[in-house]
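Student: after the sequence you'll find the predicted model.
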Amino acid sequence: MQFYAWDVVGEITFDQNFGMMENMGDTQGVISEIHTANNNMARLGLLQELQKPYRILEKLIFGGHPMARVVKYITS
């Protein structure tokens, strides 16, 4: 059901689906990436003094924007 919803949102928003139903899953890891980002934002919302150090470490460890995979997926 979740993959169908993603394809519908893609059709409505970008006039093309994301192909999750055809591929029988999230082949790019976008859903798990968003889930992880939401969990991180929830934690950082409670511990606001850790936001800046977390962002710096995140760039050093992961090498860029935390949602880069999602942005690339949507814009391609």
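Tutor: Structure's in. What do you need?

Student: count the residues that sit near F14.
Tutor: Counted with other C-beta atoms under 10 Å, the neighbours of F14 add up to 11. For glycine as for every other residue, the C-beta is placed from the backbone atoms N, C-alpha and C.

Student: repeat for the one 10 residues further on
Tutor: M24 is surrounded by 8 other residues when neighbours are defined as other C-beta under 10 Å.

Student: and what about it, helix, strand or coil?
Tutor: The three-state assignment at M24 reads coil, by DSSP: H, G, I helix; E, B strand; the rest coil.

Student: what residues are up against it?
Tutor: Taking C-beta atoms under 8 Å, 6 or more residues apart in numbering, we find M24 in contact with F3.

Student: how about it, phi and psi?
Tutor: phi 50, psi 40 (degrees, to the nearest 10).

Student: farthest residue from the center of the protein?
Tutor: E49 (23.6 Å; C-alpha atoms, centre = their mean).

Student: residue nearest the centroid of this protein?
Tutor: Most central in the chain (C-alpha atoms, centre = their mean) works out to I34, at 3.2 Å.

Student: near M20, how many other residues are there?
Tutor: 20.

Student: revised request: answer the last question for V71.
Tutor: When neighbours are defined as other C-beta under 10 Å, V71 has 11 of them.

Student: how about the longest helix along the chain: buried residues?
Tutor: If you go by DSSP state H, the chain has its longest helix at helix 30-46. For helix 30-46, the neighbour count (16 or more other C-beta atoms under 10 Å) marks V30, E33 as buried.

Student: so M21 sits against V8, correct?
Tutor: No: the pair M21 / V8 is not scored as a contact, 9.6 Å apart, by C-beta atoms under 8 Å.

Student: report the next helix or strand after the longest helix of the chain in sequence order.
Tutor: Sequence order places helix 51-62 as the next helix or strand after helix 30-46, per DSSP states H and E.

Student: whatever helix or strand comes next after that following helix relative to helix 30-46, how many degrees between them?
Tutor: Note on helix 51-62: by DSSP H and E, the next helix or strand toward the C-terminus is helix 68-75. Here helix 68-75 runs at 130 degrees with respect to helix 30-46, directions being taken by axes from the mean of the first three to the mean of the last three C-alpha atoms, to 10 degrees.
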